[in-house]
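fold the following for me, if possible:
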Amino acid sequence: MKNLTGFHAVTSRLRQRPETVHEIYIDAERKDARVKDLRELAKRLNVRVISVDMKRLDGMAGGVRHQGVVAQAEPLDMPRFIEDALEGLEEPPLLLILDGVQDPHNLGACLRVADGAGAHAVIAPKDRSVGLTTAAIKVASGAAESVPYIVVTNLARTMRDLKERGIWLIGADDSAPQSLYQAKLDGPLGLVLGAEGEGLRRLTKESCDSLVSIPMLGAVASLNVSVASGICLYEARRRRMK
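Numbers count the residues shown, from 1 in each chain. Here you go, the predicted model:
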């Protein structure tokens, strides 16, 4: 059993897989419309709602901001290996590869944009990465349960394997002379983005088929990794829609 925290994560699970939600705990002091809507949804789906005090919710959430809502739910059976995520796809793979993202809020936001853009999986190395923490799941607002998050032991070797499968790997790098908008983004594609402030590691860069930069027309020099992920993924999706 795992705890889901916050309205987005709990509501998303109720709508997608209500049979996996055992109980929902809500702050007894909250009587607003948002709580009312959640109670009504849970009632329609025959999910038990229990009113508790904030101290109990704080303990269940483990320090994560919970907005007065925590649900106990079964872990979803998501693909754990790349082969499973790629099996049976009806379109060329679109993958997001994250090299060393260590902030759970950034990871959660990356999962959210990956879900929105229709990415088939998010891949990250086991070391130097934050992992799918409670905070990351909350920020993902349900996307952690719709987009496979695949952890690999050796990212460079995994990238080589993806290339052998015919997946073109494009890394985002501020110093790359080629713009994202000039790059080849059709067909099987993996977009590779680096950690906050550090960018891609040397071996990760060398494992990419090409490097591109996102045009920066203002005063700031770079973007948050989740924002950059969204730009790259949606540009790839836009090309596919053409």
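
and Lys163, how many neighbours?
16 (other CB atoms under 10 Å). No exception for glycine: its C-beta is placed from N, CA and C like everyone else's.

ok, now how distant is the nearest residue to it once chain neighbours are set aside from Lys205?
Spatially, and ignoring its direct neighbours in sequence, Lys163 is nearest to Leu169 (6.2 Å; CB to CB, 6 or more residues apart in numbering). Per CB to CB, to the nearest Å, Leu169 is found 10 Å from Lys205.

of those two, who's got more company?
More neighbours surround Leu169 than the other of Leu169 and Lys205, with 21 against 17 (other CB under 10 Å).

residues contacting the helix or strand harbouring that one, please?
Following DSSP states H and E, one finds Leu169 within strand 168-172. Contacts of strand 168-172 with the rest of the structure, by CB atoms under 8 Å, 6 or more residues apart in numbering, involve 97, 159, 162-163, 180, 183-185, 187-194, 200, 204-205, 207-214, 228, 232.

for the buried ones among these, write the corresponding PyMOL selection.
Applied in PyMOL, the following selects the buried portion of the contacts of strand 168-172 according to 16 or more other CB atoms under 10 Å:
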select buried, resi 97+159+162+163+180+183+185+188+189+190+191+192+193+194+200+204+205+207+208+209+211+212+213+214+228+232
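
among the contacts of strand 168-172, which lie within strands?
Those of those mapping onto strands are 97, 189-194, 210-212, per DSSP state E.

ok, the residue nearest to Asp115 when sequence neighbours are not counted - how many residues close by?
Nearest residue to Asp115 in three dimensions, chain neighbours excluded: Ala143, at 3.7 Å (CB to CB, 6+ apart). Ala143 is flanked by 25 other residues according to other CB under 10 Å.

roughly how far apart are Ala143 and Glu164?
Taken as CB to CB, the span from Ala143 to Glu164 is 29 Å.

give the helix, strand or coil label for the residue in the chain sticking out farthest from the centre.
Most distant from the centre of the chain: Glu29, at 31.9 Å, with distances by CA atoms, centre = their mean. Following DSSP: H, G, I helix; E, B strand; the rest coil, the label given to Glu29 is coil.

before we move on, what about the one 10 residues further on?
Secondary structure for Arg39, judged by three-state DSSP, is helix.

how many residues are close by it?
Neighbours of Arg39 (other CB under 10 Å): 15.

now it: closest residue in space that isn't a chain neighbour?
Spatial nearest neighbour of Arg39, chain neighbours left out: Val49 (5.5 Å); criterion: CB to CB, 6+ apart.

circling back: any idea what the residue nearest to Lys163 is bridged to?
Note on Leu169: beta-bridge partners Gly190, judged by DSSP bridges.

with Tyr25 instead?
As assigned using DSSP bridges, the partners bridged with Tyr25 are Ile50, Val70.

so how far is Val64 from Glu74?
From Glu74 to Val64 the distance is 19 Å (CB to CB).

so for those two, which sits in the more crowded spot?
Val64 (20 against 13).

quick one: pLDDT of the one residue sitting closest to the centre of the chain?
For the chain, the residue lying nearest the average C-alpha position, counting by CA atoms, centre = their mean, turns out to be Leu111 (1.3 Å). Looking at Leu111, its pLDDT stands at 97.

pretty sure it contacts Gly142?
No - using CB atoms under 8 Å as the test, Leu111 is too far from Gly142 to be in contact (9.3 Å).

got any ranges where this protein has weak pLDDT?
For the chain, no stretch has pLDDT under 70.

the longest helix in it is where?
When the chain is parsed with DSSP state H, its longest helix is helix 225-241.

other SSEs contacting it?
strand 94-99, helix 104-117, strand 168-172, strand 189-194 (3 or more CB pairs under 8 Å, 6 or more residues apart in numbering; DSSP states H and E).

noted, bye for now.
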